[in-house]
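**Student:** have a look at this fold, sequence not included:
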């Protein structure tokens, strides 16, 4: 697995010196005027990476916290959901959804293989439909990339919500949140965005906001509504943000768009091909 | 409120250059051998700051996430709990406990005053006892410090568990977790420990572990057991840790003990007195 040196490792990627330098800048006050432009810039740039006009929320947590926020905000106990699973990180969706009282079906594949989108409609019909279909874009434990676009299309055709773990893929593998009608996409700072770990991101579609309004599961720190309301009211984050990481993220996102999203994705594609070919 | 320039602000304190420099060090792999000594050293030093021989857990979250972990791990829906409240941050305990289905009583004081420990036994008796008594050590919104030692003693006499928000006090105001028999004490990186925000700490007493085993609330990222098991099994953290913040925290804790805990506490006492006297 030579690829492990590049992107598919479960660990963080190397952080560029410019981003590390930003982490070491004296810290601003997170209720002060210096903070808001940093926060707004990060959110705006993240929406561009996600290719979405909807909200992207920024949490001080690792990716798993972002995943749990999806389950806590979208699901009620007893909801039937399905996880398309071909590796260890998909199984994390299973664990979290069970923890939150969902009835979980699995559409399981051998680890290392890519899920076949054509299997999903039948699986959904067999189980009588699902509230949410949980996907894993790049299965970090094996390096396999799922065809999220086709899987999402199959799920949407049945009216299900689509949630995607894009923790190790966003920014490195093409993903079009709005075009593919993805309802909640989770990512983190420490992979393609090349910032140290500790920040999670979640995009929330209009349909996901609607489902969130009906959800009854207890949630406070991971309550999406708090993030939206605090930003709308004060341009602020509801809880003390991980400021220095956000200062690093801002620099990393500026670098990302200086290179250009197309160029970054192409670089990752070439790298991945080179790795696969040895 | 001249004091706001020093410690009582809801924002982070200034971070020393040595800690900022540690944040900018190239990042180690969190599943690698370099990480474990950093993690172990942080946990060991935190236990010393907390003055506890029990576990201190380290979460990638802000302090509110640590507070929510206390409620999610100690309480079941319907549990009667009491919050001793004299300010905005105590009201956060109220909000979180209500969110998680607890029946919440408040022993409320005017904002800015210090709660009177002698009122607590009567309040507990009136409500027929409480599963948990929630306290706020330094009420950041007003600067008032509560007599946690006496409040805890009154609570323990009734068999209640005691949970303390020490986010802005730990390391600056004397707090003896074991001697005062505190069951869960929450703190964060960004106050007296002078590290950027993004790390929460929670001490867990034996009684708190017992209550946790009986708790039924859904929790995954904030499930204390995951942190304990992962550390016991692999010396590791269960989810990607906020590595760079932890690298900063290690330096900050080393500096703390180089100066000496007594000396740091005395420095804060003198500062606080000077502020009060104008």
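**Tutor:** Perfect, thanks for sending it. Quick caveat, the model's predicted, so the values are computed rather than measured.
**Student:** need the helices for the stretch 151-278 of chain A, in chain order.
**Tutor:** A:206-214, A:224-234, A:243-259, A:261-276 (DSSP state H, counting those that start in this stretch).
**Student:** angle of the longest one against helix A:261-276?
**Tutor:** Read that as helix A:243-259. If you take axes from the mean of the first three to the mean of the last three CA atoms, to 10 degrees, helix A:243-259 sits at 90 degrees to helix A:261-276.
**Student:** which one, of the helices of the stretch 151-278 of chain A, ends up nearest to chain B?
**Tutor:** Nearest to chain B among the helices of the stretch 151-278 of chain A is helix A:243-259; the distance by CB to the nearest CB comes to 3.8 Å. Yep, even glycine has a C-beta here, placed from its N, CA and C like the rest.
**Student:** just to revisit the earlier point, identify whichever of the helices of the stretch 151-278 of chain A lies nearest to residue B:100.
**Tutor:** Distance to residue B:100, taken as CB to CB, is lowest for helix A:224-234 among those, at 14.9 Å.
**Student:** which residues of the stretch 151-278 of chain A lie near chain B?
**Tutor:** Contact residues (CB under 8 Å from any CB of the partner chain) of the stretch 151-278 of chain A with chain B: A:188, A:190, A:196-198, A:217-223, A:239-245.
**Student:** one more time with 6 Å
**Tutor:** Within the stretch 151-278 of chain A, the residues that sit near chain B (CB under 6 Å from any CB of the partner chain) are A:196-198, A:218, A:220-221, A:239-240, A:242-245.
**Student:** I'd like to know which of the residues you listed are buried.
**Tutor:** A:196-198, A:218, A:220-221, A:239-240, A:242-245 (16 or more other CB atoms under 10 Å in any protein chain shown).
**Student:** in chain A, where is pLDDT below threshold?
**Tutor:** A:1-11, A:278 (pLDDT under 70).
**Student:** quick one: the residue nearest in space to the middle of it and residue A:86, what's the gap?
**Tutor:** What sits nearest the mean C-alpha location of chain A, by CA atoms, centre = their mean, is residue A:186, with 1.5 Å. Between residue A:186 and residue A:86 the distance, using CB to CB, to the nearest Å, works out to 17 Å.
**Student:** find the closest residue to chain B in the stretch 51-200 of chain A.
**Tutor:** Nearest to chain B in the stretch 51-200 of chain A, going by CB to the nearest CB, is residue A:198, at a distance of 3.1 Å.
**Student:** OK, contacts around that residue?
**Tutor:** Counting by CB atoms under 6 Å, 6 or more residues apart in numbering or on different chains, residue A:198 makes contact with A:242, A:245, B:60, B:198, B:242, B:245.
**Student:** nearest residue to it other than its sequence neighbours?
**Tutor:** Of all residues not flanking residue A:198 in the chain, residue B:242 sits nearest, at 3.1 Å (CB to CB, 6 or more residues apart in numbering or on different chains).
**Student:** spit out the contact partners of that neighbour.
**Tutor:** Contacts of residue B:242 by CB under 6 Å, 6+ apart are A:197-198, B:60, B:198.
**Student:** could you pull out the helices for the stretch 1-150 of chain A?
**Tutor:** Using DSSP H, counting those that start in this stretch, helices in the stretch 1-150 of chain A cover A:17-23, A:35-50, A:63-74, A:88-99, A:120-126, A:148-156.
**Student:** output the set of residues of the stretch 1-150 of chain A in proximity to chain B.
**Tutor:** So far as CB under 6 Å from any CB goes, the stretch 1-150 of chain A lies against chain B at A:11-12, A:15, A:20, A:23-24, A:27, A:29-31, A:60-62, A:64-65, A:68, A:96, A:99-100.
**Student:** are any of these buried, and which?
**Tutor:** Buried members of those, counted by 16+ other CB under 10 Å: A:11-12, A:15, A:20, A:23-24, A:27, A:30, A:60-62, A:64-65, A:68, A:96, A:99-100.
**Student:** residue A:93 and residue A:135 touch, don't they?
**Tutor:** No: the pair residue A:93 / residue A:135 is not scored as a contact, 8.3 Å apart, by CB atoms under 6 Å.
**Student:** burial count for the closest residue to residue A:197 other than its chain neighbours?
**Tutor:** Leaving aside its chain neighbours, residue A:197 sits nearest to residue A:190 (3.8 Å; criterion: CB to CB, 6+ apart). Residue A:190: 28 surrounding residues under other CB atoms under 10 Å in any protein chain shown.
**Student:** likewise residue A:38?
**Tutor:** 18.
**Student:** report the contact partners of residue A:195.
**Tutor:** Shown in contact with residue A:195 (CB under 6 Å, 6+ apart): A:19, A:189, A:248-249, A:252.
**Student:** 7 Å - rerun?
**Tutor:** Listed by CB atoms under 7 Å, 6 or more residues apart in numbering or on different chains, the contact set of residue A:195 reads A:15, A:19, A:189, A:245, A:248-249, A:252.
**Student:** could you do residue A:150 as well?
**Tutor:** Contact partners of residue A:150, counting by CB under 7 Å, 6+ apart, are residue A:117.
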